[in-house]
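# Turn this into a structure:
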Amino acid sequence: MSRRSQGCWISWVIFGVGCGIVSAVCGQTPRPLAPGVLTVIQPEILPEDTFQGPLALTEITKGGAGLSWTPHTLARTETLLAMAQQVTLRRPIWGLEFSFKPLRMVAVDLPHPSGRLERKLVWYMVYRIRYFGNDLVPAPSRDSFGHVTYPGTVPGTSSPRFFPHFVLRGHDTNKEYLDVVLPSAKEAIAERERPGVPLHHSVEMTRQQLPVSQDASDPGVWGYVTWTDIDPRTTFFSIYVYGLTNAFRFVEQQDAFQPGSPPLTGRRFQQKVLQLNFWRPGDSVLLHEGEIRFGVPYDPDPQLQQQMLSRYGLQKRLDYLWIYR
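Okay, here's the model as predicted:
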């Protein structure tokens, strides 16, 4: 028996808490979870995410000088100005599977600017990332007239990385909270969750390779996200997860770009984001993680239900949805 194996065996004998701690200490296989503990959300990779347009490139149509001319040896539609009026932008799209455990709270001693430790209540979520290589790549095809068209998409694979960015928004308080990196909270979270695999905070996650998962038994890559100083009055809130896909779109502001304006003036980019909806039917005095519910509450009164949905920006009750934000 190797020294590493002996260490694991001694830990098991002394503490007598089973193979869950052994896995966490020795970094072996993930700890099995009870059914329903992990909420799994498949990536939403749609063919319409692979293109945008036809649209006009205002940097050329409005910002280009001397582009209007009458050709004599080719069609007017083949000039740069004419082609810039009807442009379709295409791109390959990838997506990641996102799974998460229930949103929880833990009290942690955190460093304070004064040099002392300050005990704070930390909201946190443990999650898993997997990549199944189900990319969509625009597939060009040439028709009988020699024109290149894109009748469909083909599957492909890439080597994506997850650059996590989480935003917790309180719909009733109208406050948003960015996730904060708290390395000092990792030990307390890992000791409580005992995942059996390394837990990465948001910065560490960016350095992790995401191999193509072969089946549902793949352990994936595990991380945790933390927030502090959440308004205790927060009752209805959503968590927006950025970085799960490279899908994006942009919206042009009418007449915002004028000749001489810098490129991208008036163009607002939006990322495809996963919105997770929660509510907490507790009070602002004693916060407890057991009060947090995943989803949107139900009200039998149609008018009150519609008011509730409007808080989340929904038309119907949904636990989660993909939006551009």
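
# drop to CA atoms for contacts and neighbour counts, all remaining ones
Noted.

# Let me see the contact set for the nearest residue to Thr157 once chain neighbours are set aside.
Counting by C-alpha to C-alpha, 6 or more residues apart in numbering, Gly133 is the residue found nearest to Thr157 once chain neighbours are left out, at 4.7 Å. Listed by C-alpha atoms under 8 Å, 6 or more residues apart in numbering, the contact set of Gly133 reads Trp94, Gly156, Thr157, Ser158, Val212, Ser213.

# are any of those residues buried, and which?
Buried members of the contacts of Gly133, counted by 16 or more other C-alpha atoms under 10 Å: Trp94, Thr157, Val212.

# And the closest residue to the first one other than its chain neighbours, how far from Tyr127?
This points to Trp94. Leaving aside its sequence neighbours, Trp94 sits nearest to Asp135 (C-alpha to C-alpha, 6+ apart; 4.4 Å). Distance of Asp135 to Tyr127, given as C-alpha to C-alpha, to the nearest Å: 22 Å.

# Can you read off the pLDDT for Asp255?
Here the pLDDT value assigned to Asp255 is 85.

# just Ile10 next, same as before
Model confidence at Ile10 (pLDDT) stands at 36.

# Please, which helix or strand holds the residue lying farthest from the centre of the chain?
Farthest-out residue of the chain from its mean C-alpha position, per C-alpha atoms, centre = their mean: His72, at 51.8 Å. Following DSSP states H and E, there is no helix or strand that holds His72.

# going forward can the numbers begin at 39, since that is how I track them
All set: I'll call the first residue 39, so the last point we hit is now His110.

# what residues are up against the closest residue to Trp317 other than its chain neighbours?
Spatial nearest neighbour of Trp317, excluding adjacent residues (C-alpha to C-alpha, 6+ apart): Phe274 at 4.5 Å. Neighbouring residues of Phe274 by C-alpha under 8 Å, 6+ apart: Gly208, His209, Asp210, Phe316, Trp317, Arg318, Arg349.

# buried stuff in stretch 304-319?
Residues of stretch 304-319 classed as buried: Gly304, Arg305, Gln309, Lys310, Val311, Leu312, Gln313, Leu314, Asn315, Phe316, Trp317, Arg318 (neighbour count, 16+ other C-alpha under 10 Å).
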